[in-house]
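Chemist: Got a predicted structure plus its sequence, pasted below:
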Amino acid sequence: MQPVETTIIIIAALIGFGVFYNQIVAWLEAQGRTVGYVAFLVVVGNLAIIIALDIAFGHQVAGGAFLFNVAAGAPMIIGSWWRHTTQRRRELARAAEIARRNLQGEE
């Protein structure tokens, strides 16, 4: 177990990271660049916590937390990617259909 001072420093660093990362995510959202990628943004936040766990409690705890996050998160990442690519395919097919109709003079 780490001394209280180390724990306070780690918590302060995580708060600093959270504030900074929130700014990055807010900027990405304003640019419309988070659609379909939210799961990956969550992974970055989780990695910061795993690094903090490694510093505070060692490789065994951090490694376990990493494996648990992969087990719980991988299906979410795959599902998020699948939903995003499926939606994009539908949007592209719809755009192609609209373009075809416009070229043929249909409404």
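Modeler: That came in fine, so what should we check first?

Chemist: what ranges do the helices span in this protein?
Modeler: With DSSP state H as the definition, the chain shows helices at residue ranges 4-30, 38-57, 59-104.

Chemist: buried residues in the first one?
Modeler: Of the residues in helix 4-30, those scored as buried under the neighbour-count criterion (16 or more other Cβ atoms under 10 Å) are I10, L14, F17, V25. Quick note: C-beta positions are derived from backbone N, CA and C, even for glycine.

Chemist: residue contacts, the last one?
Modeler: The one in question is V25. By Cβ atoms under 8 Å, 6 or more residues apart in numbering, the residues touching V25 are T34, L41.

Chemist: so what's the residue nearest in space to the middle of the chain scoring on pLDDT?
Modeler: Centroid-nearest residue in the chain: L41, 2.0 Å away (criterion: Cα atoms, centre = their mean). pLDDT for L41: 95.

Chemist: ok, it to E91 distance?
Modeler: Here the criterion is Cβ to Cβ, to the nearest Å. By it, L41 lies 22 Å from E91.

Chemist: Please apply the same query to V19.
Modeler: For V19, the distance to E91 equals 35 Å [Cβ to Cβ].

Chemist: now G58
Modeler: Taken as Cβ to Cβ, the span from G58 to E91 is 47 Å.

Chemist: And for V35?
Modeler: Distance, V35 to E91, using Cβ to Cβ: 11 Å.

Chemist: Also Q2?
Modeler: For Q2, the distance to E91 (Cβ to Cβ) stands at 50 Å.

Chemist: Those two: which has the busier surroundings?
Modeler: Q2 (13 against 10; other Cβ atoms under 10 Å).

Chemist: Which pLDDT does the model give that one?
Modeler: On the pLDDT scale, Q2 is placed at 73.

Chemist: Please shift the residue numbers so they start at 671 in all later answers.
Modeler: Happy to do that; since the first residue is 671 now, the last one works out to Q672.
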